[in-house]
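S.K.: Predicted coordinates and the sequence they were generated for:
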Amino acid sequence: MDELNTYATQLFAALTQTDISTSVTDFFLRPEWWQLILIFLASSLLMINRLNSIEKNGFEGTLVGTLIMPYFSGFPNLCFAFLILKTHGSGRVVLENSLVNNLTNLTLILAIPCIIWGLNLFTAKKTPNLHEKINRLSLILSILALIFFSICLFFISRDGMIDFYDGMLLVAVFLFWQLYHLFDVLKNTTRSKQKIRKKIIWDILIVASCAGAVFYSIDHLLEWVTQYSKNLFLQNHLGFFSGILMVLPNAFLAVYYAAASRHEIAYSSQIGDCHICIPLCVGLFAAFSPISVPSSFNMAIFIIIGAAVGHLFFTVFFKKLPRWAGIVLIGFYAFFIFKEII
């Protein structure tokens with residue numbers, strides 16, 4: 001019995017030597033890169049998880065995808081642009097981040113749920129209902145806006161620089177687009193006599209907390225890459241890899257809503273997120289610091305415009321994204337990866 005008590009005492013002493021509070025403190029104050037990515041993904045997923053509640057409390061269908069969801073899923077890109085500006089980093093990194101984000105959304109992220117579940121904007125009924133028709137028209141308008149924003153970026157970059165006036169132009173067209181959606185929401189809620197419930201305040205508070213965690217994780221990831229990482233390949237392609245990382249929450253959205261047969265939200269969420277990167281992220285950064293256009297810009301913007309035109313074509317004439325089109329989109333994405341990295 002005495003030996004058992006002695007063993008228990010030694011075991012307790014060994015366990016108490018481990019300072020749990022120190023481990024928790026190290027996790028949040030001195031985290032490793034994989035811990036930062038874990039914080040980023042967990043915060044992002046919790047933030048966009050509240051979209052279901054927001055939809056039930058006063059917003060509908062593609063309005064969630066085009067007006068509310070982009071700010072949630074595109075917030076990391078805004079944080080990235082701000083932190084690069086804060087540390088006097090190169091605007092080329094922000095531009096590459098935005099281009100890779102948009103290109104991945106329009107090709108790989110939409111192609112995967114398309115191949116698995118299909119992206120059909122109408123149900124199997126022969127005659128689509130009014131709600132489905134309105135959602136399709138909203139999606140068409142969003143795709144047209146994406147094409148317009150991308151073409152604007154292409155033309156203002158022809159001199160090799162995106163300066164203050166170019167940036168203000170991009171921000172102005174984005175604000176006009178958001179004002180249009182705001183009045184569209186007010187019009188629809190007035191017509192349907194639907195009120196935006198006060199419960200949405202709790203969702204906003206949760207989103208604000210998650211946004212702080214996302215900002216923290218991105219800030220420390222940039223610090224880790226610039227100060228601690230000895231991988232020059234990673235440092236030289238920071239814009240590329242950050243764009244892929246920040247598109248992961250969008251992938252979750254597309255897969256979740258496609259699996260739940262909410263194809264209109266799966267589609268519109270990716271289109272809406274593209275509006276945050278181009279023109280908002282690029283425009284805001286250029287308004288404070290000029291951006292020199294990288295050599296890969298033309299290839300990326302042409303793929304983005306081409307993919308957007310393809311989505312417009314299928315939405316107008318097929319009312320869905322065919323599975324074979326998803327395979328083609330993956331092919332374009334693989335070509336971009338090969339030219340950019342390999």
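M.R.: Now that the structure is in, tell me what you want to look at.

S.K.: from what I can see residue 163 touches residue 286, true?
M.R.: Yes - counting by C-beta atoms under 8 Å, residue 163 sits close enough to residue 286 to count as a contact (6.4 Å). Just so you know, the C-beta spots here come from the backbone N, C-alpha and C atoms, and that holds for glycine as well.

S.K.: Now do the helices for the stretch 101-250 of the chain: every range, in order, please.
M.R.: 110-116, 130-156, 164-192, 200-223, 232-236, 238-245, 248-259 (DSSP state H, counting those that start in this stretch).

S.K.: that older thread, residue 163 and residue 286: which is more packed in?
M.R.: Neighbours of residue 163 and residue 286, each counted by other C-beta atoms under 10 Å, are more numerous for residue 286; the result is 28 against 14.

S.K.: Would you check how far apart that one and residue 89 are?
M.R.: From residue 286 across to residue 89, the span is 14 Å (C-beta to C-beta, to the nearest Å).

S.K.: Going by secondary structure, the closest residue to residue 299 other than its chain neighbours is in what exactly?
M.R.: In this structure, residue 299 finds its nearest non-sequential neighbour in residue 339, 6.3 Å apart by C-beta to C-beta, 6 or more residues apart in numbering. Following DSSP states H and E, one finds residue 339 within helix 323-340.

S.K.: quick one: low-confidence parts of the stretch 51-200 of the chain?
M.R.: In the predicted model, the stretch 51-200 of the chain carries pLDDT under 70 at residues 51-69, 123-127, 185, 188-198.

S.K.: Residue 44: what secondary structure?
M.R.: helix (DSSP: H, G, I helix; E, B strand; the rest coil).

S.K.: which ones are touching the residue lying closest to it once chain neighbours are set aside?
M.R.: Distances taken as C-beta to C-beta, 6+ apart place residue 249 nearest to residue 44, at 3.9 Å, with adjacent residues excluded. By C-beta atoms under 8 Å, 6 or more residues apart in numbering, the contact set of residue 249 is 41, 44, 45, 47, 48, 72, 73, 76.

S.K.: Show me which positions of stretch 312-320 end up buried.
M.R.: Within stretch 312-320, the residues that count as buried by 16 or more other C-beta atoms under 10 Å are 312, 314, 315, 320.

S.K.: The third one reaches residue 142, doesn't it?
M.R.: When you say that, I think you mean residue 315. No - using C-beta under 8 Å, residue 315 makes no contact with residue 142, being 9.7 Å away.

S.K.: Just give me the neighbour total for the residue nearest to residue 299.
M.R.: Quick note: residue 339 (other C-beta under 10 Å) scores 12 neighbours.

S.K.: Also residue 148?
M.R.: 14.

S.K.: do the one 3 residues further on as well
M.R.: Burial measure for residue 151: 13 neighbouring residues, criterion other C-beta under 10 Å.

S.K.: Could you check which helix or strand contains the spatially closest residue to it that is not a sequence neighbour?
M.R.: Distances taken as C-beta to C-beta, 6+ apart put residue 305 closest to residue 151, at 6.7 Å, once the chain neighbours are dropped. In this structure, residue 305 sits in helix 297-317 according to DSSP H and E.

S.K.: Figure out how far that helix is from the centre of its chain.
M.R.: Mean C-alpha position of helix 297-317 versus that of the full chain (C-alpha atoms, centre = their mean, to the nearest Å) differs by 18 Å.

S.K.: what's it in contact with?
M.R.: By C-beta under 8 Å, 6+ apart, helix 297-317 touches 95, 99-100, 102-103, 106-107, 110, 121, 136, 139-140, 143-144, 146-147, 150-151, 153-154, 157, 267, 271, 274, 278, 320-322, 325, 328-329, 332, 335-336, 339.

S.K.: Going by neighbour count, list what's buried in it.
M.R.: Using 16+ other C-beta under 10 Å as the test for burial, helix 297-317 gives 297, 300-301, 303-305, 307-308, 310-312, 314-315.

S.K.: And for stretch 114-131?
M.R.: Those would be 114, 115, 117, 119, 120, 121, 122, for stretch 114-131 by 16+ other C-beta under 10 Å.
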